[in-house]
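predicted coordinates and the sequence they were generated for:
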Amino acid sequence: MSDRPTFTPSVATPLDAAAFRRRAHEHLAIIYGPRADEVLRRLQTLLDHQAPPPPSRDDVAVPLWSERDQWLISYGDSLLDGERAPLEVLGEFLDARLPDTFSGVHVLPFFPWSSDDGFSVIHYREVDPALGDWPQVRALAERCDLAVDLVLNHVSRESLWFVDYLTGSQPGRDYFIEMDPETDLTAVVRPRSSPLLVPVPTRRGTRYLWATFSEDQIDLNFANPDVLLEFIGILLFYLSQGARIIRLDAIAYLWKEVGTPCIHLPQTHEVVRLLRAVVDHVAPGTLLLTETNVPHHENLSYFGLERLSATNPPNEAHLVYQFSLPPLVLHTLTGGDATLLASWISSLPRLPPGCSYLNFTASHDGIGVRPLEGWLPAHEIEALLELMHRFGGFVSMRRRPDGEDTPYEINITWFDAMQGTRRGRDPWQIERFLCSQHLMLALQGIPALYLHCLTGTLNDLEGVERSGRLRSINRRRWRLDELDELLDSRNTPTREVFLALKRRLAIRRAEPCFHPDAPQRVLPSTPALLVLERGPLTSGRRLLAIHNVSDERQPLAVAALAEGEWFDLLEGAPWAGEESLAPYRTLWLVQKP
C-alpha cells in the first residue's frame, strides 16, 4: 500500500466567475455598504485588464503544498558580491550551495524604500536598482515559489501618493487618514512607542496623519475604495511577475475606526477574504500569508475558522505565521522543560484543508513578546528578556493604551539567543541551536528558515550602531567571499550549522509524514523531552520526532518506542534502541508496518 495520507490534502480550488462575483459582492457590502455595486464593477474591469493569463494546465485539483515545501527567508541584499546585482547573487547562491533544498524563497521588500529596510515603500511596481531589476526577480520565481510582500498598511512619505497629498492632487490626495489631534485615540492598540499622529505641513496648513509604525510610514485610508483597488492592481502585477505567495504585511492594523482598538476589525478580515477571492479566481494555487505579530488566539483568527461550514469553505488566509513558536521554543530551551511548549502545541486547532501554519524561529524582525500573552507569566517573560540582554540582545517597546511602554520584541540573532540557559553561557550553543531548528522542522505546517539561521550569524552590533535601529542586530549583510570562506573552512560554527541543516532539510523533504496536512499530536513523556507524532498515513507509517530540550542526558521514557520496530531517518538504518538521549539531541524515527 502506498504512503497516501489519511487526511484530505489541501488543493487549489478555482473560483469561477459567478462564484467570484457573489463572494466579492458579499465582502464589499460589509466593507463599503451601498457602494458595493460600484466598487465591484470597477474591480471586475481591473481584473479584465490586468489579471495574469490563466494557467495552461487542465482544470484539475492541484496540491497547495506537500512535504517538499520548505522556504528560505532573505533580504534581496543579504549576500553581496562586488558589482553584481544582489538578487542575482542570491539566485546563484541557491543554485551552488542549496540546490533542491528549498521549494520557495521569501525575498523581503525589494522595492525602492526610505526606511525600515524596505517596509517603507516608495514605488510598489519598481525594483530597487541597488538590488537588481524584474528579470532577476522573475529568475528567482522560475527557480522556486516566490513570496512577495504586499506592504498595504502604509507607504513612505517619499512616495508620489504622499506628494499628491501635500499638493492636493489626485489620486493621493484622499489616500491618507487625517485626524484632529484632540481626538481620543487611547483605545488604539499600538505596536510601537512612537506618536500615533504625525504633524504634516500642507498647503492647507498643518494636518495630522495616522502613522502606526513611524513618522516615515504613513497609513493608507482603505475606507477610500480607490486605495483598495490600487492594491489589488499591485497584487495582480506581482502575480504577473511570477509571485506565488503573497505576504500581507501588518494586515491586522489595516482598518481604522475611532473608539475601537483599530486592530483585527471586521473590515480588515473582509479585505483579506476579498483578496483570497481574487487570487482563487485569477491565479488558483496562489497562497495568502498573513503577518500578525499578536497574541496566539488573535493570530489564528486570520484563518476565519469561526465562519466555516459545509457551504462556506476556508476563504481567508491560507497560511498564518506561528508567532508564538519562537518565544516558546526560546523559553523551552533556556529552561530545559518542554511542558509549556507541549501544552501549546496540543492546543492548536485541527485545521481544514486549505489552511496551514508557517513555522519559523527567526525572521528579519525580532522575537515577539506579545505572542506569549496568556501563556507565560509576566515574571517569567521578564526573566527571559533579562537573559537575552545578557546574551547581547535588546528589547523594543510598544505603547499601551494607558500610555506606558511595554516590551514588544526581543532583538537578537537566533544563534546568539542559544548561547546558554538560565544559568548562563555554556558549551552547548550549536547543539541547542540545531535542536531548535529540528523541532521547528518537525511541526505540522511549512517551515521557513531565515538566511541567518542557516549561517549561524552572530549579533551585528556594528549594524545597530550604524543604523541606530535595534532590529539591525539580526539583518547582517554578508560579503559572499567572507561567507564562502567560513563555509569552506573546517571547524567553523557557520560550516557546521549550514551543513547540518542542509542535510536535515534534505531528509525532511523526502519524508511523507512531514506533509503539512499530516496529523500531529504530542505524546506523553518526561518534561525534558518533547515527543511529536506525525501521521499515521494510510499504510500505517508514522514518525516520532523526539527532542531532548535539556543540557543533560535523558532516559528515553517514551512508551510508543516499544510498539514495534523503528527506522532511524537520520542514521539511515534501523534504530539501535538506545536507552537515553544526549543533551539537545533529536531523533526522527519512522515506523512502517
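Received, thanks. Numbering: from 1, shown residues only.

need phi/psi at residue 290.
phi -90, psi 140 (degrees, to the nearest 10).

my read: it touches residue 302, true?
Yes: Residue 290 is in contact with residue 302 according to C-beta atoms under 8 Å; the separation is 4.2 Å. Quick note: C-beta positions are derived from backbone N, CA and C, even for glycine.

what do those two both touch?
Both residue 290 and residue 302 are contacted by 251, 272, 316-317, 320, under the criterion C-beta atoms under 8 Å, 6 or more residues apart in numbering.

keep only those of these that are in helices.
Mapping the shared contacts of residue 290 and residue 302 onto helices (DSSP state H) picks out residue 272.

buried subset of the shared contacts of residue 290 and residue 302?
Neighbour-count burial (16 or more other C-beta atoms under 10 Å) applied to the shared contacts of residue 290 and residue 302 gives 251, 272, 316-317, 320.

now tabulate the shared contacts of residue 290 and residue 302 in a markdown table and tack on distance to residue 81 and pLDDT.
Output for the shared contacts of residue 290 and residue 302, formatted as a markdown table (distance: C-beta to C-beta, whole Å; pLDDT from 0 to 100):
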| residue | distance to residue 81 | pLDDT |
| --- | --- | --- |
| 251 | 34 | 98 |
| 272 | 38 | 98 |
| 316 | 41 | 95 |
| 317 | 36 | 97 |
| 320 | 35 | 97 |
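
going by distance to residue 50, which of the shared contacts of residue 290 and residue 302 wins?
Within those, the smallest distance to residue 50 is 20.2 Å, found for residue 272 (C-beta to C-beta).

against residue 152, how distant is the closest one?
Counting by C-beta to C-beta, to the nearest Å, the gap from residue 272 to residue 152 is 10 Å.

where do the contact lists of the two overlap?
248, 251.

mind checking which helix or strand residue 31 is in?
helix 17-32 (DSSP states H and E).

any buried residues in the next helix or strand after that helix, and which?
Per DSSP H and E, helix 17-32 leads on to helix 36-50 as the next helix or strand towards the C-terminus. Neighbour-count burial for helix 36-50, with 16+ other C-beta under 10 Å as criterion, is recorded at 36, 39-40, 42-43, 46-47, 50.

please apply the same query to stretch 144-164.
144-159, 161-162, 164.

and the residues you listed, which of them are in helices?
161-162, 164.

hmm, residue 474 and residue 366 touching each other?
Yes: here residue 366 lies in contact with residue 474, judged by C-beta under 8 Å, at a distance of 7.0 Å.

and the two? Which one has more around it.
residue 474 (28 against 24; other C-beta atoms under 10 Å).

once you drop chain neighbours, what's closest to the more buried one?
residue 413 (5.0 Å; C-beta to C-beta, 6 or more residues apart in numbering).

show me where the stretch 351-500 of the chain has strands.
356-359, 367-368, 394-399, 405-411, 420-421, 424-425, 446-450, 478-479 (DSSP state E, counting those that start in this stretch).

out of those strands, flag the one nearest residue 536.
Nearest of those (C-beta to C-beta): strand 356-359, 18.8 Å.

need the contact partners of that closest one.
Counting by C-beta under 8 Å, 6+ apart, 10, 64-65, 71, 289, 318-322, 325, 348, 351, 440-441, 443-448, 516-517 sit against strand 356-359.
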